[in-house]
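My questions concern the predicted model and sequence given below.
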Amino acid sequence: MRGSSTPTVALVIFEGGAATSLPEQMLRQVREGIVLDRVAQARRIQALDPIVLVTDREDLARKAEALGAHIYFTQSHSFHFGLCLQAVIRHYELERVLYMGGGAAPLASPMEIGRIVSLLQRAEALAAANNYHSADVVAFTPAVRALSAPLPPLDNLLAQALVEAGLPYRPLPRSLGLNFDVDTPTDLMVLAVHPAVGRATAAALKELELNLEPVRRAAELLLTPQADVLIFGRVGGALFQYLDTVTQCRLRLFSEERGMKAMGRDLRGEVLSLVGFLVDEVGPAGFIDRVARLAQAAFIDTRILWAHRRQTPSAADRFFSDLLVPDAIADPFTRELTAAARAAAIPILLGGHSLVAGGVWALVDAALRSKQELGAAPRS
């Protein structure tokens, strides 16, 4: 522990799991860059001690350890998030914990992380998260409360479990830095056009040689007066308020099935979507044709459409769809939808919840920064 009269906060990062298909390997590469940037950032925040990386990857562990992280190895084949987190708390005798998923908050600034640390240092009992229903950044104390609680097998329900264990809840600030995370290949494309990525993350993204033209076009249209931009998916009111305030386009917003994963609606086959019924009627290609008539750019949360159809494509199919590579997709519906989106005359981005939440937010922020830089540039 670093010497200090004030209590320290442990940063615990989880990153691991198998990556079999090419898109999964791309995600793995960039998420590892995010982890390394996070460790380097954390080392500059004196009160963060220890910094613990929980992983099953030896190469990532070696690089993180060289930056100053403690390594806690786990096994992917028998992994249970809650049990593993409890083991880490016991092993390091932790009291105040900032948990972050490997792909969480790649745009978070040192100031934002520092504020969470200060919050934990002042608190006697607290559970704070960036999203109560689907968290990947969770701050909590005292950590002993987590040892007696039935923690979930996946991290997205951690905040709820801690509140059920008796910790008072406080939401973390609704900032871009804390609410954009990398879960799908579309998130990689969004991250690649944002200027605030860390060094290791930027290097990993550069190696992928992603086609960023559709993302750049969509971002530009978000700030184009009179342009129509369609957003379909699990869109919250806070994001719409932000977009309505800062964008100059006309928004066509279709928000459905918020919390479908947290509530287990997708697993129970209860998801019903008005847009999904349209796709049922006209087919995936017909749906994309109508989207292209309505807007100059579109962001589509395809996970709702699959859940509406009681369908669970493989990870490879989902991620190749996000990359707009239909020829690599086995599922006929997903292949047709992806092919139509790729062939559309407008930029159509396919993805998950992160696309229509933090992803759109990040693109607006990137476009605004670019516009400000151009405005500040001296005339030749």
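Structure's in. What do you need? A quick note: this is a predicted structure, and the numbers were derived from the prediction, not measured.

Tell me how far stretch 277-292 lies from the chain's centre.
27 Å (Cα atoms, centre = their mean, to the nearest Å).

Could you spell out the sheet neighbours of the longest strand along the chain, each with its direction?
Assignment by DSSP state E gives strand 48-55 as the longest strand of the chain. If you go by DSSP bridges, strand 48-55 pairs up with strand 9-14 (parallel), strand 70-73 (parallel).

Report the buried residues of it.
For strand 48-55, burial by neighbour count (16 or more other Cβ atoms under 10 Å) applies to Leu48, Asp49, Pro50, Ile51, Val52, Leu53, Val54, Thr55. The C-beta positions use only the backbone N, C-alpha and C, and glycine is treated the same way.

now what about it, what contacts it?
Outside strand 48-55, the residues that touch it by Cβ atoms under 8 Å, 6 or more residues apart in numbering are 1-2, 8-16, 35, 39, 42-43, 60-61, 64-65, 68-74, 84-85, 88, 92, 98, 113, 117.

what about burial for those residues, which qualify?
For those, a burial check counting by 16+ other Cβ under 10 Å picks out 8-16, 35, 39, 42, 60-61, 64, 69-70, 72, 74, 84-85, 88, 92, 98, 113, 117.

returning to what we had before: so which residues make contact with the following helix or strand past the longest strand of the chain?
Toward the C-terminus, strand 48-55 is succeeded by helix 58-66 as the next helix or strand (DSSP states H and E). Around helix 58-66, the neighbours that count as contacts under Cβ under 8 Å, 6+ apart are Glu15, Glu32, Val35, Leu36, Val39, Leu53, Thr55, Ile71, Phe73.

Which two among the residues you listed are spaced furthest apart?
Across the contacts of helix 58-66, the longest distance by Cβ to Cβ is 17.2 Å; it joins Leu36 and Phe73.

for the stretch 1-150 of the chain, which spans come out with low pLDDT?
In the prediction, the stretch 1-150 of the chain carries residues with pLDDT under 70 at positions 1-5.

Please, where are all the strands along it?
9-14, 48-55, 70-73, 97-101, 126-129, 137-141 (DSSP state E, counting those that start in this stretch).

With distance to Ala367 added, can I get the ones you listed in TSV?
Shown next, in TSV, are these (distance: least, Cβ to Cβ, whole Å):
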stretch	distance to Ala367
strand 9-14	30
strand 48-55	32
strand 70-73	39
strand 97-101	26
strand 126-129	28
strand 137-141	25
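
from what I can see Ala315 touches Ser21, true?
Yes - in terms of Cβ atoms under 8 Å, Ala315 counts as a neighbour of Ser21; the distance is 6.4 Å.

Domain map for the chain?
9-179, 185-370 (automatic domain parsing).

What's the end-to-end length of the first one?
Across domain 9-179, the straight-line distance between its terminal residues is 21 Å, by Cα to Cα, to the nearest Å.

Please give the centre-to-centre distance between it and its chain.
14 Å.

And for the residue nearest to Arg145 when sequence neighbours are not counted, the neighbour number?
Nearest non-adjacent residue to Arg145, counting by Cβ to Cβ, 6 or more residues apart in numbering: Ala165, 5.0 Å away. Ala165: 16 surrounding residues under other Cβ atoms under 10 Å.

show me the contacts for Ala165.
Counting by Cβ under 8 Å, 6+ apart, the residues that Ala165 touches are Arg145, Ala146, Ser148, Ala149.

residues in contact with the second one?
Put plainly, it is Ala146. Ala146 is in contact with Leu85, Gln86, Ile89, Val97, Phe140, Ala161, Leu162, Ala165, counting by Cβ under 8 Å, 6+ apart.

which residues does Val193 contact?
Leu212, Val215, Arg216, Ala219, Leu363, Ala366.

Against Arg309, how distant is Gly276?
Counting by Cβ to Cβ, to the nearest Å, the separation of Gly276 from Arg309 is 7 Å.

Need the overlap of contacts for the two.
Here Gly276 and Arg309 have no joint contacts, going by Cβ under 8 Å, 6+ apart.

So these two - more neighbours on which side?
Comparing Gly276 with Arg309 by other Cβ under 10 Å, the one with more neighbours is Gly276, at 19 against 16.

Look up how far Pro150 lies from that one.
Gly276 is 34 Å from Pro150, where distance means Cβ to Cβ.

same check, this time on Ser314
30 Å.

if you count what's nearby, which of those two comes out ahead?
Remark: of Ser314 and Pro150, Ser314 carries more neighbours, 14 against 9, as counted by other Cβ under 10 Å.

and the residue lying closest to Phe232 once chain neighbours are set aside, helix, strand or coil?
Nearest in space to Phe232, with sequence neighbours left out and distances taken as Cβ to Cβ, 6+ apart, is Phe254 at 4.4 Å. Under DSSP: H, G, I helix; E, B strand; the rest coil, the three-state class of Phe254 is strand.

repeat for the one 3 residues further on
Taking three-state DSSP as the rule, one finds Glu257 in the coil state.
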